[in-house]
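Enquirer: What follows is a predicted structure for the sequence shown.
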Amino acid sequence: MPDVAASVVTGLPGWVGRRVVVRHLLPDGRASDALGTLLAVGPTTLVIRRDRLPEGTAEADRDVEVGLVDVLLAKPVPPPALRRSARDRR
């Protein structure tokens, strides 16, 4: 695990329950972002409940498990912006 990722991972337990974005490596070596609520941090993995699901993804796949060794970056993020109605945009 790179030094930067190691320092990020040590802060994760304090973020449980908060909205986070976590950039992590996929098995094919590409990186992906998981955005949602951090549900748990274990000794080797973390679990994020995604805010939105990619089209065609089953509801059962809302929770993403990421290996801590695959975490590249992570940070807490603010809640999603409230959507304004069409009337409010005028």
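Expert: Structure received.
Enquirer: quick check, residue 27 in a strand?
Expert: No: the assignment for residue 27 by DSSP: H, G, I helix; E, B strand; the rest coil gives coil, which leaves it out of any strand.
Enquirer: and it, how far is that from residue 82?
Expert: Residue 27 is 36 Å from residue 82, where distance means CB to CB, to the nearest Å. (C-beta placed from N, C-alpha, C; glycine too.)
Enquirer: Then residue 60?
Expert: The value you get for residue 60 to residue 82, if CB to CB is used, is 28 Å.
Enquirer: buried ones in stretch 65-74?
Expert: Judged by neighbour count (16 or more other CB atoms under 10 Å), stretch 65-74 contains these buried residues: 66, 68, 70, 71, 72, 74.
Enquirer: ok, what's across the strand from the nearest residue in space to the last one that is not next to it in sequence?
Expert: The shortest distance from residue 74 to any non-neighbouring residue, by CB to CB, 6 or more residues apart in numbering, is to residue 22 (4.4 Å). When bridges are called by DSSP bridges, residue 22 pairs up with residue 34, residue 74.
Enquirer: Touching, residue 22 and residue 48? I think so.
Expert: Yes: using CB atoms under 8 Å, residue 22 is in contact with residue 48, at 6.2 Å.
Enquirer: which residues do the two both contact?
Expert: 34, 38, 66 (CB atoms under 8 Å, 6 or more residues apart in numbering).
Enquirer: Please work out the average pLDDT along stretch 59-70.
Expert: The average pLDDT for stretch 59-70 rounds to 89.
Enquirer: Show the end-to-end separation of it, please.
Expert: 24 Å (CA to CA, to the nearest Å).
Enquirer: Tell me which residues are up against it.
Expert: 1, 9, 12, 22, 24-26, 34, 36, 39, 41, 43-50, 53.
Enquirer: Now for the residue nearest to residue 74, how many residues are close by?
Expert: Per other CB atoms under 10 Å, the neighbour tally for residue 22 reads 24.
Enquirer: Report the contact partners of it.
Expert: Contacts of residue 22 by CB under 8 Å, 6+ apart are 33, 34, 38, 46, 48, 66, 71, 73, 74.
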